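**Q** Here's a sequence, model it:
(2 chains)
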There are 2 protein chains.
Amino acid sequence: MARPITFGEIEGIEEGHWFADRKEMMPSCFHRNSGWGVDGNGKEGAAAIALSGGYEDDEDHGDEIIYTGAGGNDPDTKRQVKDQSWEHPSNAGLLTSWDQGLPVRVARGHNHKSSSSPEKGYSYAGLYCVVDAWEELGKSGFKICRFRLIYCGSNSDRKTPEKTEIAGSPATPERREGTVMRIVRDTEISLEIKRLYKNHCQVCCIAIPTKTGSYSEGAHIRPLGRPHNGDDSKDNLLCLCPNHHVMLDRGSFSIDDDFSLLGPISGKLRVNPHHDINEDNLKYHRQIHGYEK
Amino acid sequence: MARPITFGEIEGIEEGHWFADRKEMMPSCFHRNSGWGVDGNGKEGAAAIALSGGYEDDEDHGDEIIYTGAGGNDPDTKRQVKDQSWEHPSNAGLLTSWDQGLPVRVARGHNHKSSSSPEKGYSYAGLYCVVDAWEELGKSGFKICRFRLIYCGSNSDRKTPEKTEIAGSPATPERREGTVMRIVRDTEISLEIKRLYKNHCQVCCIAIPTKTGSYSEGAHIRPLGRPHNGDDSKDNLLCLCPNHHVMLDRGSFSIDDDFSLLGPISGKLRVNPHHDINEDNLKYHRQIHGYEK
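**A** A predicted model of the protein is given here:
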């Protein structure tokens, strides 16, 4: 596993790409280890999974997959003989992908129970995001780690369950249906900023603890998209906890050129010496939220 | 305006529905006030807007609309003669709809600049969600309040810009593109819980301040959706700040039957006497996150 882990799409391997076997996935680093379901680890995240029908509890609903983690099996009989653990590199890797919003390449094998499985070999099902992780007692009586993944690739004809939930929820007058959605898929730039601060919020210093790590959000000072058209660049990004991200986006506070916090929060933004923040972006934020005199 | 404000779809009025004039919108409570662009107020939220071409700064990109708020106009000349204010009922109403995730009915008038505008009268464009609000200096030199709305209705053939952003972001190996998305559209049940606690987090007591109000999230104890299939009911909901919502969903803490907090947070969940919480849901949460012995 000396070759580096690679996240996201790999050039020349499109959705539907067919692999004759697991070894064929290795030269391109699509999946670097033919003996494991997951390619990844807790430190870097999980970049790919191969579904091979090993777990009867797995559920494949197409763009939504319930995946059982690794570990606890007897290597000879393959039977579950002890609890799975969140610290197992495969499980910790999927948790890190959830924490950091990293996409996971999914390949379905011929032994995997799904109408989309190929008759032979493996086929690439696209990029998925981890959106939930929990534990259960498996049929063996031992603890298993489970994950929910949803399709988050670039094929817009495919509808993810999350998207369908929003799009399809009938907004009747009573509004019985509804959904809370939080999909965070980060750019490399955003991950760099979050790593620089080790997920500690630049406002309150909190790092949200998760099962095996911590969580923060990359927040744009000058917003992306119309009509602000801010850049997705390090000098326009902050590492914030979700609370202060909501507050920044809504202009509940702003930031002066000397990093003093303006509004209901006192104190200063903590800024790492390796993090240059663009003053024009700070000024833009102050202007659009009424802090610029 | 004695008739109650009504949010969401109105029976018998489908997307594309045509109104000969503003008065035709009133009997059904589609839009209760023919003299204003916005139907709503800061306390209840904004339920509908009629686009009549009043503001040259408005931008209509179909499923994404940049809308200029109300106020500051001379009633005779219609010219902007002073600053707009976030406290104006129309602007405060749209802010409340953003805070609470309330859908806004949008109607396009024949004077409104858009290829989707009808030749006469008004046509119903569907439900939109407020996703951003900020201020600018208008062409007049006075402050204007602006809003970004995106389509969030039930017609799944229409793609909202947010959805397209996710679906279309090419997940290249370098992952240059990406997006952070936070769409919260609440059910009536979730709003009730948030009102009961006045947006104060049941864990830390914080209410996230916004421009004219406060913000919280309705968090499900037993998750919705596969495979948990929790209910969207009051006894399965908590009012939490975004930080504790992330932590609950990831099992960073859990809750005992006596509401003691389990995990890294000490103390007790604050529970209003009018809020019955289902113990089975608490137990389910403890089980799936390893807190149940």
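
**Q** so where's the longest helix in chain A?
**A** helix A:89-100 (DSSP state H).

**Q** Could you name the helices and strands sitting against it?
**A** strand A:38-41, strand A:45-51, strand A:122-137, strand A:143-151 (3 or more C-beta pairs under 8 Å, 6 or more residues apart in numbering or on different chains; DSSP states H and E). All C-beta atoms are positioned from the backbone trio N, CA, C, and that covers glycine.

**Q** how about these, which one is nearest chain B?
**A** strand A:122-137 (3.7 Å; C-beta to the nearest C-beta).

**Q** That closest one versus strand A:45-51: what angle between them?
**A** 100 degrees (axes from the mean of the first three to the mean of the last three C-alpha atoms, to 10 degrees).

**Q** just how off-centre is strand A:122-137 within its chain?
**A** Strand A:122-137 sits 11 Å away from the centroid of its parent chain (C-alpha atoms, centre = their mean, to the nearest Å).

**Q** Please see if that strand touches chain B.
**A** Yes: Strand A:122-137 is in contact with chain B by C-beta under 8 Å from any C-beta of the partner chain, via A:Leu127, A:Asp132, A:Ala133, A:Trp134, A:Glu135, A:Glu136.

**Q** got JSON lines for these, with pLDDT and neighbour count too?
**A** Output for those, formatted as JSON lines (pLDDT from 0 to 100; neighbours: other C-beta atoms under 10 Å in any protein chain shown):
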{"residue": "A:Leu127", "pLDDT": "94", "neighbour count": "23"}
{"residue": "A:Asp132", "pLDDT": "91", "neighbour count": "20"}
{"residue": "A:Ala133", "pLDDT": "94", "neighbour count": "27"}
{"residue": "A:Trp134", "pLDDT": "94", "neighbour count": "22"}
{"residue": "A:Glu135", "pLDDT": "92", "neighbour count": "21"}
{"residue": "A:Glu136", "pLDDT": "89", "neighbour count": "16"}
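
**Q** thinking again about what came up before, contacts for the next helix or strand after the longest helix of chain A, please.
**A** Next helix or strand after helix A:89-100 toward the C-terminus (DSSP states H and E): strand A:104-109. With C-beta atoms under 8 Å, 6 or more residues apart in numbering or on different chains as the test, strand A:104-109 has contacts from A:8-10, A:19, A:25, A:30-31, A:46-53, A:60, A:65, A:94, A:97, A:114, A:116-118, A:121-130, A:149.

**Q** Buried residues in stretch A:102-112, which are they?
**A** Neighbour-count burial for stretch A:102-112 flags A:Leu102, A:Pro103, A:Val104, A:Arg105, A:Val106, A:Ala107, A:Arg108, A:Gly109, A:His112 (criterion: 16 or more other C-beta atoms under 10 Å in any protein chain shown).

**Q** Nearest to chain B among those?
**A** Nearest member of the buried residues of stretch A:102-112 to chain B, counting by C-beta to the nearest C-beta, is A:Pro103, at 5.3 Å.

**Q** List the residues that contact the residue nearest to the closest one when sequence neighbours are not counted.
**A** Leaving aside its chain neighbours, A:Pro103 sits nearest to A:Leu127 (4.1 Å; criterion: C-beta to C-beta, 6 or more residues apart in numbering or on different chains). When contacts are counted by C-beta under 8 Å, 6+ apart, A:Leu127 touches A:Gly8, A:Glu9, A:Pro103, A:Val104, A:Arg105, A:Val106, A:Tyr151, A:Cys152, A:Gly153, A:Ser154, B:Ala171.

**Q** for those, which one is nearest A:Lys283?
**A** Relative to A:Lys283, the closest of the contacts of A:Leu127 is B:Ala171; by C-beta to C-beta it sits at 32.9 Å.

**Q** and the gap between the residue nearest to A:Gly121 when sequence neighbours are not counted and chain B?
**A** Nearest non-adjacent residue to A:Gly121, counting by C-beta to C-beta, 6+ apart: A:Ala20, 4.7 Å away. From A:Ala20 across to chain B, the span is 23 Å (C-beta to the nearest C-beta, to the nearest Å).

**Q** cool, A:Gly267 as well?
**A** Distance, A:Gly267 to chain B, using C-beta to the nearest C-beta: 16 Å.

**Q** for A:Arg286, same thing?
**A** 11 Å.

**Q** My understanding was that that residue contacts A:Glu292; is that so?
**A** Yes: if you go by C-beta atoms under 8 Å, A:Arg286 and A:Glu292 touch, sitting 4.1 Å apart.

**Q** Of those two, which one has the most company?
**A** Looking at A:Arg286 and A:Glu292 with other C-beta atoms under 10 Å in any protein chain shown, you find the greater number of neighbours at A:Arg286, namely 19 against 14.

**Q** how about the host helix or strand of that one: buried residues?
**A** If you go by DSSP H and E, A:Arg286 is part of helix A:279-288. Neighbour-count burial for helix A:279-288 flags A:Asn281, A:Leu282, A:Lys283, A:Tyr284, A:His285, A:Arg286, A:Gln287, A:Ile288 (criterion: 16+ other C-beta under 10 Å).

**Q** The nearest residue to A:Leu238 once chain neighbours are set aside: neighbour count?
**A** Spatial nearest neighbour of A:Leu238, excluding adjacent residues (C-beta to C-beta, 6+ apart): A:Ala219 at 4.8 Å. Using other C-beta under 10 Å, A:Ala219 is surrounded by 25 other residues.

**Q** what residues are up against A:Ala219?
**A** By C-beta under 8 Å, 6+ apart, the neighbours of A:Ala219 are A:Leu237, A:Leu238, A:Cys239, A:Leu240, A:His244, A:His245, A:Leu248, A:Asp249, B:Val180.
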